[in-house]
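Chemist: Predicted coordinates and the sequence they were generated for:
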Amino acid sequence: MEENIHIDFPLTYQAIQEKTRVSGFSMASDVLTGSLLRTLAASKPASNFLELGTGTGLSTSWILDGMDEKSTLISIDNDDAFLSIAREYLGSDSRLELVNSDGEDWVMSHLSLRYDFIFADTWHGKYLLLDEVLNMLNPGGMYVIDDMIEQANWPLGHREKAEKLIQELENRKDLKMTNLVWSTGIIICVKK
């Protein structure tokens, strides 16, 4: 069975994907991850969403495609060249706020904010500032990360960091966690 045979892509996805290819950005989430993000987002009506690591907006388009009209998404990235692609194709969506900022600076200056869904697709909120970002999650909120299965482009020593992160998430008493060995390796946690 082909895993992505019947995927209905977000309206802007193909255009963003082409601009992403031309830009040289190579860290985008895959289609299966995007499809799952859309489904999970649809389970959170009238919610506040946070994406750490917009990139060019491919995963952002999936999250927006799952969100209802009463939900909002703040998406953060530190590379304005890539963020400009997301801005071009998604910037007119009134539910979305795209922010060009260093992840640490943004997280540390917004610690009082709370979210119902966090997709951490960059170092901050995943390998850095994990406690701070998880504290931003409402009870019942979802925390999602991808790229947890070893990949060819991982630098030396990254596998150990990923294993340490998985163990840290498994040991937390405030989360229920599922580790999916699917797509690029996805972890979904729900805050108790």
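Modeler: All right, it came through fine. All values reported here derive from a predicted model rather than from experimental measurement.

Chemist: Number of residues surrounding the spatially closest residue to residue 124 that is not a sequence neighbour?
Modeler: Counting by CB to CB, 6 or more residues apart in numbering, residue 103 is the residue found nearest to residue 124 once chain neighbours are left out, at 3.0 Å. For glycine as for every other residue, the C-beta is placed from the backbone atoms N, C-alpha and C. Residue 103 has 21 neighbours, counted by other CB atoms under 10 Å.

Chemist: Residue 103 contacts residue 130, correct?
Modeler: No - counting by CB atoms under 8 Å, residue 130 is not a contact partner of residue 103; they are 11.9 Å apart.

Chemist: what residues does the longest helix anywhere in the chain touch?
Modeler: When the chain is parsed with DSSP state H, its longest helix is helix 158-171. Helix 158-171 has contacts (CB atoms under 8 Å, 6 or more residues apart in numbering) with 126-127, 130, 145, 148, 150, 154, 175, 177, 179, 187, 189.

Chemist: one more time with 10 Å, if that's ok
Modeler: 123, 126-127, 130-131, 134, 143, 145, 147-151, 154-155, 175, 177, 179, 185, 187, 189 (CB atoms under 10 Å, 6 or more residues apart in numbering).

Chemist: where in this protein is pLDDT low?
Modeler: 1-5 (pLDDT under 70).

Chemist: Could I get the full set of helices for it?
Modeler: Taking DSSP H as the criterion, the chain contains helices spanning 13-23, 31-42, 58-66, 80-90, 103-108, 130-134, 158-171.

Chemist: Most tightly packed of those helices?
Modeler: Scoring the helices of the chain by mean neighbour count under mean count of other CB atoms under 10 Å gives helix 58-66 as the most buried, with a mean of 25.

Chemist: the inter-axis angle of that helix versus helix 80-90?
Modeler: Per axes from the mean of the first three to the mean of the last three CA atoms, to 10 degrees, the angle that helix 58-66 makes with helix 80-90 is 30 degrees.
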